[in-house]
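A.B. asks: Below is the sequence, then the predicted model.
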Amino acid sequence: MKKIAFTFFSCVFLNAQNIGVSIKPIEYLVNKIAPNVNTVVLVDDNSNPHNFELKAKKILELDKSKAFFAIGVEAEDVWLSKLKENTKIKVIRIDDGIKKISYAHLHEHEHDAHHEHEHEHEHEHDAHHEHEHEHDAHHEHEHHHHHSGADVHIWTSTENLKILSNNIAKNLKLLYPENAAQIDKNLQALLKDLEDLKTKINEQTKDLKTKAFISSHPAWGYFAKEFNLKEYSLEFEGKELKIKELKKMIDLAKENKACLLISSALFNTKSVNLVKEQSNLKLANINALTYNILDEMLNFAKTLHNNCSN
Ligand SMILES: [Zn+2]
């Protein structure tokens with residue numbers, strides 16, 4: 001009887017040490033910096049973080065947590081207000097100091113195509129009309145999704161991962177002051193890993209012949225920016241591209257303006273298969289929600305090196 005009671009209390013104690021995070025790459029950083037702290041991840045392997053529903057079980061797990069480390073994923077707003085209603089959890093933003101970029105790929109590409117068209121045919125009036133139409137479509141998207149335009153996939157750059165790690169460590173030290181020295185030591189080791197990773201990715205990508213790839217979901221914009229690459233995505237503002245836009249992606253591949261197609265099982269598999277069939281691009285599984293995001297970024301860089309060097 002005594003033993004059961006003891007087990008029960010130690011469980012409660014452990015639960016009290018939980019830190020909530022939204023996605024696995026952030027869990028990885030927290031575990032590296034504070035291996036003794038339990039983490040609760042909202043988005044599991046089979047859920048799309050952009051339209052994820054918070055389950056009652058997770059709310060119970062988070063109810064006993066010390067804090068939730070938020071990164072500004074758009075869906076967090078919904079989860080977090082639900083959490084605040086149902087728990088006493090302390091929500092801490094850890095994306096302070098990160099410069100957000102916007103999703104520019106397809107729209108940019110369409111503008112380029114538009115200018116080319118105008119130049120070639122000088123049908124200025126028609127071209128203008130088409131342009132107006134595209135803007136209407138764009139506004140409609142915005143209206144439906146309440147999309148701010150900022151890319152939320154901030155964790156796919158080594159510099160951003162350093163900022164996130166620093167913010168995580170700072171807040172863990174406030175929550176667990178007794179472990180401050182160990183947290184600092186672990187942080188320094190992680191920052192070194194991130195610096196080494198940046199060097200390695202640079203080595204793999206700096207001399208690529210083709211510096212653009214196509215992704216099933218626009219998760220790699222920060223990675224692309226950091227390593228002077230270009231991401232084209234089969235998804236824009238939460239929607240799969242229309243067939244006309246997909247055709248432009250296939251053309252990019254055929255003209256060797258993109259050298260790799262990357263996909264994770266969760267997103268837009270129909271479009272991925274179509275582009276693969278029509279273009280002969282090599283398809284690689286690269287998942288931005290992988291727990292060890294450092295390994296996955298290096299894996300991505302090596303895959304680029306193997307497919308885009310000539
Ligand atoms: Zn995403």
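C.D. replies: Perfect, thanks for sending it.

A.B. asks: In the helix or strand hosting Ile168, which of the residues would be classed as buried?
C.D. replies: Applying DSSP states H and E as the criterion places Ile168 in helix 158-175. By 16 or more other C-beta atoms under 10 Å, the buried positions in helix 158-175 come out as 158, 160-169, 171-173, 175. Just so you know, the C-beta spots here come from the backbone N, C-alpha and C atoms, and that holds for glycine as well.

A.B. asks: contacting residues around stretch 292-310?
C.D. replies: Contacts with stretch 292-310, where a contact means C-beta atoms under 8 Å, 6 or more residues apart in numbering, come from 24-25, 28, 155-156, 158, 161, 193-194, 197, 200-201, 204-205, 207-211, 213, 220, 223, 227, 229, 259-260, 262, 282, 284, 286-288, 290.

A.B. asks: same for the helix holding Ile168, what does it pack against?
C.D. replies: Under the contact definition 3 or more C-beta pairs under 8 Å, 6 or more residues apart in numbering; DSSP states H and E, helix 158-175 sits against helix 24-33, strand 67-70, helix 180-205, helix 221-226, helix 293-308.

A.B. asks: Spell out which strands sit alongside the helix or strand following the first one in the sheet and which way each one runs.
C.D. replies: Tracing the chain C-terminally past helix 24-33 and defining elements by DSSP H and E, one meets strand 39-41 next. In the sheet, strand 39-41 lines up against strand 19-21 (parallel) (DSSP bridges).

A.B. asks: how about the residue nearest to Asn171 when sequence neighbours are not counted, secondary structure?
C.D. replies: Residue nearest to Asn171 in three dimensions, not counting chain neighbours: Ile92, with 5.2 Å by C-beta to C-beta, 6 or more residues apart in numbering. Following DSSP: H, G, I helix; E, B strand; the rest coil, we place Ile92 in the strand state.

A.B. asks: tell me the pLDDT at Ile92?
C.D. replies: As predicted, Ile92 sits at a pLDDT of 94.

A.B. asks: how close does it get to Val152?
C.D. replies: Per C-beta to C-beta, to the nearest Å, Ile92 is found 17 Å from Val152.

A.B. asks: Also Asn292?
C.D. replies: Per C-beta to C-beta, Asn292 is found 21 Å from Val152.

A.B. asks: Neighbour count for those two, which is higher?
C.D. replies: Between Asn292 and Val152, counting by other C-beta atoms under 10 Å, Val152 is the more crowded of the two (20 against 14).

A.B. asks: Against Lys198, how distant is that one?
C.D. replies: Per C-beta to C-beta, Val152 is found 22 Å from Lys198.

A.B. asks: Equivalent analysis for Ser263, please.
C.D. replies: The gap separating Ser263 from Lys198 is 25 Å, by C-beta to C-beta.

A.B. asks: out of the two, which sits in the busier spot?
C.D. replies: More crowded of Ser263 and Lys198, by other C-beta under 10 Å: Ser263, with 23 against 18.

A.B. asks: all helices for the stretch 201-310 of the chain, in order.
C.D. replies: Applying DSSP state H, counting those that start in this stretch to the stretch 201-310 of the chain gives helices spanning 221-226, 243-254, 269-279, 293-308.

A.B. asks: which of those sits most buried?
C.D. replies: Neighbour counts (mean count of other C-beta atoms under 10 Å) averaged over each of the helices of the stretch 201-310 of the chain peak at helix 221-226, with a mean of 22.

A.B. asks: Can you list the neighbours in contact with it?
C.D. replies: By C-beta under 8 Å, 6+ apart, the residues outside helix 221-226 that reach it are 101, 103-105, 151, 153-160, 198, 213, 229-231, 297, 300.

A.B. asks: before we move on, the earlier item: compare the helices of the stretch 201-310 of the chain and give me the one nearest Pro35.
C.D. replies: Closest approach to Pro35 among the helices of the stretch 201-310 of the chain (C-beta to C-beta): helix 293-308, 15.8 Å.

A.B. asks: Done for today, thanks.
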